[in-house]
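Q: requesting a structural model of the entry that follows:
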Amino acid sequence: MGNAAKKLNEFNSGTATAQTPPRGPLGLLRRSIDALKSNHTLWHWTIPLVLVMSFTVDRTVHFLWAALFWLLSIVILSGAKKIANRTRFASMVDDLTASPGVPRWHCLALNLYVIYLGSWLPDIDWLFMQHRSPISHSVGPYFLMLAVVKKYESFGNREWNWKLLCLFGYALASHLLTDIPPGGNVISLPAWLDMPYLAINGLATFVLAFRLQKQRLSYASKVNQRNTA
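A: Now for the predicted structure:
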């Protein structure tokens, strides 16, 4: 039996020993596939929503605002030396977005998707022929995803589930707050309450996401200090 055939037979029979993946593009591809298998989150299961998402100029504007709000949170957190051991901006971005063992391209792709999801979700009411519903244009979607993550936090990569919830919160908050300047009309509410409603819900969502991210960073910092002590 040839060497290649022998290795294939061992692999199929489950007797092959673990080997270091080869270097180069093939090794990168193999490691990426392994990471995809072992690093999944609750958020991956929402990806089919792209089938009903719209991709318009308005959606792009909301997405860019959402990314800006996320960067704003990093700027604020990077100035808090008590929160993280490393205070450089680039290090903070890495701490807040990367997940150990997951390829960077995978982290970046899912981060961008969740930001887009949060910036799009309030307008899901368009599917029901109405716009700016007080249900979707509120802090409600954040509490819904918070409840889901709490209940199923151990599904897949637990830490990554929580990190992505923060991103979702910032994106949702950006949508609500940027709907105010055009004078966003919220259906079923009196006209004088429209903008205060969006402002209160938008600010509440941003603060809740920010506090959650701050708490998790503080916890991670304490764990790192204990491990290095």
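
Q: give me the helix or strand of the protein that scores worst on average pLDDT.
A: helix 3-13 (a mean of 45; mean pLDDT, DSSP states H and E).

Q: now the helices for the protein?
A: Secondary structure of the chain (DSSP state H): helices located at 3-13, 24-38, 57-78, 89-97, 104-120, 140-151, 158-178, 194-228.

Q: compare the mean pLDDT across the ones you listed and name the weakest.
A: Out of these, helix 3-13 stands lowest, with a mean of 45 (criterion: mean pLDDT).

Q: was I right to think residue 134 contacts residue 184?
A: No: with contact defined as CB atoms under 8 Å, residue 134 does not count as touching residue 184 (11.3 Å). Every C-beta, even on glycine, is put in place using the N, C-alpha and C of the backbone.

Q: give me the pLDDT for the closest residue to residue 126 other than its chain neighbours.
A: Spatial nearest neighbour of residue 126, excluding adjacent residues (CB to CB, 6 or more residues apart in numbering): residue 54 at 7.4 Å. With respect to pLDDT, residue 54 has a value of 74.

Q: and residue 54, how far from residue 197?
A: Per CB to CB, to the nearest Å, residue 54 is found 24 Å from residue 197.

Q: more crowded one of these two?
A: Ranked by neighbour count (other CB atoms under 10 Å), residue 54 and residue 197 place residue 197 first, with 20 against 11.

Q: do you know how far residue 159 is from residue 52?
A: Relative to residue 52, residue 159 is positioned 29 Å away (criterion: CB to CB).

Q: who's more crowded, these two?
A: A direct count of neighbours by other CB under 10 Å for residue 159 and residue 52 places residue 159 higher, at 13 against 10.
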